[in-house]
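# Just the structure for this:
(one chain, ligands or ions: 2)
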Amino acid sequence: MLNVAKSIQIEHVFKVFGEHPEQALALARQGLDKSTILEKTGHSIGVYDAHFTIEAGEIFVIMGLSGSGKSTLVRMLNRLIEPSSGAIRVEGEDIHSLNERELRALRRKDISMVFQSFALMPHMSVLDNTALGLELAGVDKATRQAAAQDALEQVGLGGWAASYPDELSGGMQQRVGLARALAADPSILLMDEAFSALDPIIRTEMQSELLRLQEIRQRTIVFISHDLDEAMRIGNRIAIMKDGHVVQVGTPEEILRQPANEYVRHFIKGVDASVVFKAGDIVSGAHPVMQEQAGHGARAALRMLQDRDREFAYVVSAGHRFRGIVSTDSLRSALEGHEGPLALQHAFLPDVAPVQSDELVADLLGRAATHAYPLPVVAGDGRFQGAISRTRLLRFLDRDTPPIPPGGFDAAHAAPVSAEKGFA
Ligand SMILES: Nc1ncnc2c1ncn2[C@@H]1O[C@H](COP(=O)(O)OP(=O)(O)OP(=O)(O)O)[C@@H](O)[C@H]1O
Ligand SMILES: [Mg+2]
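Ligands and ions are numbered 1, 2, ... in the order given. The predicted structure follows:
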């Protein structure tokens, strides 16, 4: 029986470490910062008024500097840490109303956790290590070994079941940790810096692995990371924490477009926005467009480009499908020695492949560098959306400003050049 992904509601959750949280909370409400409160009361604010929902089936990344409360928040989700106040619901059910037995069942069936470093038992085979959680939960041997084998297959270690941990690389051992969590087929996976100890290449591999697993079977994954590029790559949504406060929750795009405050702005400064935004996000409609009409057009097109001091124009069908690009040069040479009307298609530049609007900006850089013309962009249905020039790409890649402001790229960089539709 497959577990379906479940949502987690976090409702005004506070965690103060220490015997008498009230005084510390009162000071926190007055706006005193975490270190002052620690000095005055000896109490540490772990999490302050976290309030948001993690949707069923999403990868939700929690980010923040060391000590900002990420682990504390995540450990409250399976009650490894009890909140000082507030409620946590899994698919609507308050987990604090569970008794011991129900809590064990929740941890066994619904929520698994993967840590940054966890000890594999050196004297136990990889299979038995993977089955350990199930064994502790009292699952019979045949069942748990079958589940463990299946989990090992999922992380690409199917052939290593009989091996021992010291025969595995660090990355492979971390996969065993993931397999151990998957063996219970949980609907929720909590991953606390699970990939942080891995070297960069293996880490990227593990991220892809996780995305692949997520395609096969959607779980709710709460993933803690220090690494913003990792967060942007795998997170459907991201929460950014500072001193126990959740300062922003949003999609990678939302956070990059509209950082909630200076802290977030600082945080995202180094991020590679080109792996988050897509061609459709930065496309410009300010390039000359001409509609194809049977039998004529090239001469008028050339005149129009010359009048506007433009080098390229984008040709679309009557249904606004992208057809090709003409340039002043291509038009001139097509018209050379030609009498009478000439259809635009005879002047198309060769080998022009339009960019799909959902392609990542990162994947355009090579093409932009090798093509003289601004790259034409089409939607999924083939309709022409506009083009992306090198200048536009460079402006996007400039890391000192948010890559795309809330109103869209054109709101901040208006460059009005009227498009010419129905031109023939
Ligand atoms: N058991 C504890 N007793 C007292 N204070 C604690 C305890 N656990 C955590 N804290 C405090 O709570 C705050 C948040 O710690 P937490 O471990 O959640 O941070 P984190 O964001 O996971 O950091 P890191 O990135 O270093 O893992 C810190 O100030 C920490 O000192
Ligand atoms: Mg931590």
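
# And the nearest residue to Phe277 once chain neighbours are set aside, how far from His12?
Counting by CB to CB, 6 or more residues apart in numbering, Phe277 lies nearest to Val361, which is 5.1 Å off, once chain neighbours are set aside. All C-beta spots, glycine's among them, are computed from the backbone N, C-alpha and C. Distance, Val361 to His12, using CB to CB, to the nearest Å: 38 Å.

# Which one's more surrounded, these two?
Between Val361 and His12, counting by other CB atoms under 10 Å, Val361 is the more crowded of the two (25 against 12).

# gap between the more buried one and Ala273?
Relative to Ala273, and taking CB to CB, Val361 is found at 7 Å.

# before we move on, what about Gln154?
32 Å.

# Which of those two has more residues huddled nearby?
Higher neighbour count among Gln154 and Ala273: Ala273, with 23 against 19, using other CB under 10 Å.

# Based on its surroundings, how many neighbours for the closest residue to the more buried one other than its chain neighbours?
Closest residue to Ala273 apart from its sequence neighbours, by CB to CB, 6+ apart: Pro403 at 4.0 Å. Pro403 sits with 23 neighbouring residues when counted by other CB under 10 Å.

# Tell me if Pro403 really is in a helix.
No - the assignment for Pro403, made by DSSP: H, G, I helix; E, B strand; the rest coil, is coil rather than a helix.

# Get me the contact residues on this protein for ligand 1.
Contact residues (CB under 6 Å from any ligand atom) of the chain with ligand 1: 17, 44, 46, 64, 66-72.

# ok, which pair from those residues is furthest apart?
Between any two of the residues of the chain next to ligand 1, the greatest separation by CB to CB is 16.9 Å, found for Phe17 and Gly64.

# neighbour-wise, which of those two wins?
Gly64 (23 against 15).

# so the more buried one makes contact with Lys242?
Yes - counting by CB atoms under 8 Å, Gly64 touches Lys242, with 6.0 Å between them.

# Can you give me the domain assignment for this protein?
8-271, 279-412 (automatic domain parsing).

# Save the ones you listed as CSV, and put in mean pLDDT too.
Below are the domains of the chain laid out as CSV (pLDDT from 0 to 100):
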stretch, mean pLDDT
domain 8-271, 91
domain 279-412, 88
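
# what comes up buried for stretch 10-30?
By 16 or more other CB atoms under 10 Å, the buried positions in stretch 10-30 come out as 10-11, 13-16, 18, 21, 24-25, 27-28.

# Could you provide these in TSV, with additional columns for secondary structure?
Converted to TSV, these look like this (three-state DSSP):
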residue	secondary structure
Ile10	strand
Glu11	strand
Val13	strand
Phe14	strand
Lys15	strand
Val16	strand
Gly18	coil
Pro21	helix
Ala24	helix
Leu25	helix
Leu27	helix
Ala28	helix
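
# any idea how far the residue nearest to Phe277 lies from ligand 1?
Separation of Val361 from ligand 1 (CB to the nearest ligand atom, to the nearest Å): 30 Å.

# before we move on, what about Ser330?
From Ser330 over to ligand 1 (counting by CB to the nearest ligand atom), the distance is 57 Å.

# Can you report phi and psi for the closest residue to that residue other than its chain neighbours?
The spatial neighbour of Ser330 that comes closest, neighbours along the chain excluded (CB to CB, 6+ apart), is Ala347 at 4.6 Å. Phi and psi for Ala347, reported as degrees, to the nearest 10, are phi -110, psi 10.

# Could you tell me how far Ala347 is located from ligand 1?
In terms of CB to the nearest ligand atom, Ala347 sits 59 Å off from ligand 1.

# Surely that residue touches Val326?
Yes - look at Ala347 against Val326 with CB under 8 Å: they come within range, at 4.6 Å.

# Quickly list what's touching both of those two.
Shared contacts of Ala347 and Val326 (CB atoms under 8 Å, 6 or more residues apart in numbering): 298, 301.

# So which of the two has more stuff around it?
Ranked by neighbour count (other CB under 10 Å), Ala347 and Val326 place Val326 first, with 28 against 25.

# Show residues contacting the helix or strand the more buried one falls within.
Counting by DSSP states H and E, the element that carries Val326 is strand 322-327. By CB under 8 Å, 6+ apart, the list of residues contacting strand 322-327 from outside reads 290, 292, 298, 301, 305, 311-317, 344-345, 347-349, 352, 354, 373, 376, 378, 382-384.

# hmm, which of the residues you listed are the buried ones?
290, 292, 298, 301, 305, 312-316, 344, 347-348, 354, 373, 376, 378, 384.

# In terms of helix, strand or coil, where does the closest residue to Leu32 other than its chain neighbours fall?
Using CB to CB, 6+ apart and skipping the chain neighbours, the partner closest in space to Leu32 is Lys40 (7.6 Å). Classification of Lys40 using three-state DSSP returns helix.

# next one: Gln23
Applying three-state DSSP: Gln23 is helix.

# what about the closest residue to it other than its chain neighbours, how many residues close to it?
When the adjacent residues along the chain are set aside, Gln23 lies closest to Thr41, with 5.3 Å between them (CB to CB, 6+ apart). Close neighbours of Thr41, defined as other CB under 10 Å, add up to 21.

# Surely Thr41 is in contact with Ala26?
No - counting by CB under 8 Å, Thr41 does not reach Ala26; the two are 9.5 Å apart.

# which residue ranges form the strands in the stretch 151-300 of the chain?
188-192, 220-225, 237-242, 245-250, 289-291 (DSSP state E, counting those that start in this stretch).

# Redo those strands as JSON lines? Include distance to Gly158.
As requested, the strands of the stretch 151-300 of the chain are arranged in JSON lines below (distance: least, CB to CB, whole Å):
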{"stretch": "strand 188-192", "distance to Gly158": "20"}
{"stretch": "strand 220-225", "distance to Gly158": "22"}
{"stretch": "strand 237-242", "distance to Gly158": "32"}
{"stretch": "strand 245-250", "distance to Gly158": "37"}
{"stretch": "strand 289-291", "distance to Gly158": "54"}
